[in-house]
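Participant: below is the sequence, then the predicted model.
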Amino acid sequence: MNEKPLRPRQSQRLPVSAAVRVKGSAGVAHEGTLSNISAEGCCVSFTGTIPERGAFVVLRLEGLESLDCTVRWSRDRQVGLEFRRRLYGPWWNTCARGMVTR
């Protein structure tokens, strides 16, 4: 199998807890919980079906703009999403200030 190796993380991940929706290119929506986030990506846990590795998806958190992502890994009921653009502005401010669990 020709799998692209995962790159090491470039920045620290923050522990968070927030309900999100991940929508695949076929229009299937997956409800999940955001469990950690960095400027480059995040981890989402699901109770139902999960998007496949390599899939292009859109991450949506209520009240914020949608983020285009690629599913980089999956394990059990969790997936790692890589953002197509580094987080900035409202998304990062919300994550860093309001959703961080301690």
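Facilitator: Nice, thanks for sending it over.
Participant: off-centre distance for stretch 55-70?
Facilitator: 8 Å (C-alpha atoms, centre = their mean, to the nearest Å).
Participant: okay, that stretch in CSV with CA atoms only?
Facilitator: The C-alpha trace of stretch 55-70 is given here as CSV (Å, rounded to 0.1, in the frame of the first residue of the first chain):
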residue,chain,number,x,y,z
ALA,A,55,-11.5,12.0,2.3
PHE,A,56,-12.0,15.7,1.8
VAL,A,57,-14.5,17.1,4.3
VAL,A,58,-15.9,20.3,5.7
LEU,A,59,-15.7,20.9,9.5
ARG,A,60,-18.5,23.1,10.9
LEU,A,61,-18.7,24.5,14.4
GLU,A,62,-21.9,26.5,15.2
GLY,A,63,-21.4,30.2,14.7
LEU,A,64,-18.1,30.0,12.8
GLU,A,65,-17.1,29.7,9.2
SER,A,66,-16.7,26.2,7.7
LEU,A,67,-13.2,24.7,7.4
ASP,A,68,-12.0,22.6,4.5
CYS,A,69,-10.0,19.5,5.8
THR,A,70,-8.5,16.2,4.8
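Participant: list the buried residues for it?
Facilitator: Going by neighbour count (16 or more other C-beta atoms under 10 Å), the buried part of stretch 55-70 is 55, 57, 59-61, 64, 67, 69-70. C-betas here are computed from N, CA, C, even on glycine.
Participant: just checking, what packs against the longest strand seen in the chain?
Facilitator: When the chain is parsed with DSSP state E, its longest strand is strand 14-24. The contact analysis (3 or more C-beta pairs under 8 Å, 6 or more residues apart in numbering; DSSP states H and E) places strand 14-24 against strand 29-37, strand 56-60.
Participant: just send the buried residues of stretch 55-70 back as JSON lines, with pLDDT too.
Facilitator: Shown next, in JSON lines, are these (pLDDT from 0 to 100):
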{"residue": "Ala55", "pLDDT": "93"}
{"residue": "Val57", "pLDDT": "96"}
{"residue": "Leu59", "pLDDT": "95"}
{"residue": "Arg60", "pLDDT": "92"}
{"residue": "Leu61", "pLDDT": "86"}
{"residue": "Leu64", "pLDDT": "81"}
{"residue": "Leu67", "pLDDT": "92"}
{"residue": "Cys69", "pLDDT": "96"}
{"residue": "Thr70", "pLDDT": "97"}
